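Peer 1: Starting from these lines, generate the structure:
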Amino acid sequence: MIATQLGASHLQFLLQGALWTVVLSAIALVGGGLLGFLVALCRVSASRAVRIASGVYVQVVQGTPLLVIMFLVFFGLPPLGINVSPLTAASASLILYVSAYMGEIWRGCIESVPKPQWEAAECLAMSRTQRMFYVVLPQAVRIATPPTVGFLVQIVKNTSLASVVGFVELARAGQIINNSLFEPFLVYLIIALLYFAMCYPLSRWSRRLERRTGYARRQQVVTP
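Peer 2: Now for the predicted structure:
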């Protein structure tokens, strides 16, 4: 009955949707990561105006639901003469969303580098740029790795909102199949399992990195 209704072609379509979920997540991570790195640098800039401007950007993006951002990009740009495809709209929205959160995560990691490290680099007559790229960022990257990997889980799950603009990722593929089979429990159970298969390894990896980084930092503190 139900098992015979759900065929191999349906499962293949779901797997294709899962693949597009991974692709969209990768686009959001790379694009959002690059923009988020710039946001993080602006948030710790020596210029007060740059810090305020980047802070406003972060607050606006974080205070706006991702769904609304997608609607603004997909439905708001065409009246202005800018036509965007569902993939472009979903990618741009996720990049903006990820950049704001990644920027704040990385800002906190940069500021968590002990102040003596900044002061020691300053004593070596390094410029602010040299201190940032040769002393602070190498340490901040290690601190930032666990929360960044953990945030990947949120990126993967938030790609499901791309279905509202017509992009066929995993959630949208399941919706299409359910509209033909009318078996929501079975279809969405499979979708949940596929999301779990993508997110659980990332969660485990994040916790493992967090334990290793925490241990390394404790060792660094107690080492004379």
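Peer 1: how about residue 111, what does it touch?
Peer 2: residue 44 (C-beta atoms under 8 Å, 6 or more residues apart in numbering). Heads up, the C-betas are built off the backbone N, CA and C, glycines and all.
Peer 1: can we see that at 6 Å?
Peer 2: Neighbouring residues of residue 111 by C-beta atoms under 6 Å, 6 or more residues apart in numbering: there are none.
Peer 1: Got the confidence number for residue 103?
Peer 2: Confidence at residue 103, expressed as pLDDT, is 95.
Peer 1: how many other residues sit next to it?
Peer 2: 27 (other C-beta atoms under 10 Å).
Peer 1: what helix or strand is it on?
Peer 2: Applying DSSP states H and E as the criterion places residue 103 in helix 86-111.
Peer 1: what about that helix, distance to the chain center?
Peer 2: 6 Å (C-alpha atoms, centre = their mean, to the nearest Å).
Peer 1: Flag every buried residue along the next helix or strand after it.
Peer 2: Using DSSP H and E, the next helix or strand after helix 86-111 towards the C-terminus is helix 115-123. Using 16 or more other C-beta atoms under 10 Å as the test for burial, helix 115-123 gives 118, 121.
Peer 1: Can you point out the buried residues in stretch 26-33?
Peer 2: Across stretch 26-33, burial judged by 16+ other C-beta under 10 Å covers 27, 28, 29, 31, 32, 33.
Peer 1: Then stretch 78-92?
Peer 2: Buried residues in stretch 78-92 (16+ other C-beta under 10 Å): 84, 86, 87, 88, 89, 90, 91, 92.
Peer 1: any idea how far residue 23 is from the fourth one?
Peer 2: What that stands for is residue 88. 13 Å (C-beta to C-beta, to the nearest Å).
Peer 1: re earlier: any chance of JSON lines for the buried residues of stretch 78-92, columns pLDDT and distance to residue 56?
Peer 2: Output for the buried residues of stretch 78-92, formatted as JSON lines (pLDDT from 0 to 100; distance: C-beta to C-beta, whole Å):
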{"residue": "84", "pLDDT": "92", "distance to residue 56": "25"}
{"residue": "86", "pLDDT": "93", "distance to residue 56": "29"}
{"residue": "87", "pLDDT": "94", "distance to residue 56": "29"}
{"residue": "88", "pLDDT": "94", "distance to residue 56": "25"}
{"residue": "89", "pLDDT": "95", "distance to residue 56": "24"}
{"residue": "90", "pLDDT": "95", "distance to residue 56": "25"}
{"residue": "91", "pLDDT": "96", "distance to residue 56": "23"}
{"residue": "92", "pLDDT": "96", "distance to residue 56": "19"}
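Peer 1: Widest-spaced pair of these?
Peer 2: Greatest spatial distance among those (C-beta to C-beta): 86 and 92, at 10.9 Å.
Peer 1: to the chain's geometric centre, what's the distance from the longest helix seen in the chain?
Peer 2: What stands out as the longest helix in the chain, according to DSSP state H, is helix 184-222. Remark: helix 184-222 is offset 14 Å from the chain centroid, using C-alpha atoms, centre = their mean.
Peer 1: now do stretch 131-148
Peer 2: 18 Å.
Peer 1: Number the residues from 47 up from this point.
Peer 2: Let's use 47 as the start, then, which means that last one is stretch 177-194.
Peer 1: and for residue 134 and residue 69, which residues touch both?
Peer 2: Between them, residue 134 and residue 69 share no contacting residue, judged by C-beta under 6 Å, 6+ apart.
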